[in-house]
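Asker: Using only what follows, build the 3D model:
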Amino acid sequence: MAEGEREFLFAQPHIFSTDIERTLRFFTDVLGFAVDFTYGEPPTYAEVFRDAARVSLRLVAESPFKEGVRDRDELLSALIRVRDIDAFAASLRDVPLHLPLTERPWGRELIVKDPDGNLLCFHND
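Answerer: Below you'll find the model as predicted:
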């Protein structure tokens, strides 16, 4: 197999949701993503995108995470790179932040908490 045939193209996080319609509204109305597609009626799976970033949403009956663990250990469900983190941060209003815009040794980031408690890190170098 030639080297180019093994090239990784991208990784796409899967976010667990107990209410996909609510999660779709959060991603579109709050974070500015668009819906690529939904599957099922009512939806049990969906994909959203904003520019080159893509996220899959998967319906679950209940959260697979033990209460309090994600916040305590800052377990991220997704890391999404953003070119202009300041402009993105300024666009967020009344959004539940786990971490406001912060300078870290590896870059600047903020962490948003979605309606199911998933921690979504938006980052730039």
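
Asker: got a list of what the residue nearest to Gln12 when sequence neighbours are not counted touches?
Answerer: Leaving out its chain neighbours, the residue that sits closest to Gln12 by Cβ to Cβ, 6 or more residues apart in numbering is Arg54, at 5.0 Å. Quick note: C-beta positions are derived from backbone N, CA and C, even for glycine. By Cβ atoms under 8 Å, 6 or more residues apart in numbering, the residues touching Arg54 are 10, 12, 36, 47-48.

Asker: Would you mind listing the buried residues in the lowest-mean-pLDDT helix or strand in the chain?
Answerer: Within the chain, confidence by mean pLDDT, DSSP states H and E is lowest for helix 69-73 among all helices and strands, at a mean of 75. If you call a residue buried by 16 or more other Cβ atoms under 10 Å, then helix 69-73 has these buried ones: Arg70.

Asker: Stretch 107-124 too?
Answerer: Buried-residue list, stretch 107-124, by 16+ other Cβ under 10 Å: 108-114, 116-123.

Asker: repeat for stretch 50-69
Answerer: Neighbour counts over stretch 50-69 (16+ other Cβ under 10 Å) mark 50, 53-55, 57, 59 as buried.

Asker: what do you get for stretch 90-101?
Answerer: Here stretch 90-101 shows 92, 98, 101 as buried, counting by 16+ other Cβ under 10 Å.

Asker: Pick the one among the residues you listed closest to Asp71.
Answerer: Distances from Asp71 to the buried residues of stretch 90-101, taken as Cβ to Cβ, are shortest for His98 (6.8 Å).

Asker: Got phi/psi on Val30?
Answerer: For Val30, the backbone dihedrals are phi -100, psi -50 (criterion: degrees, to the nearest 10).
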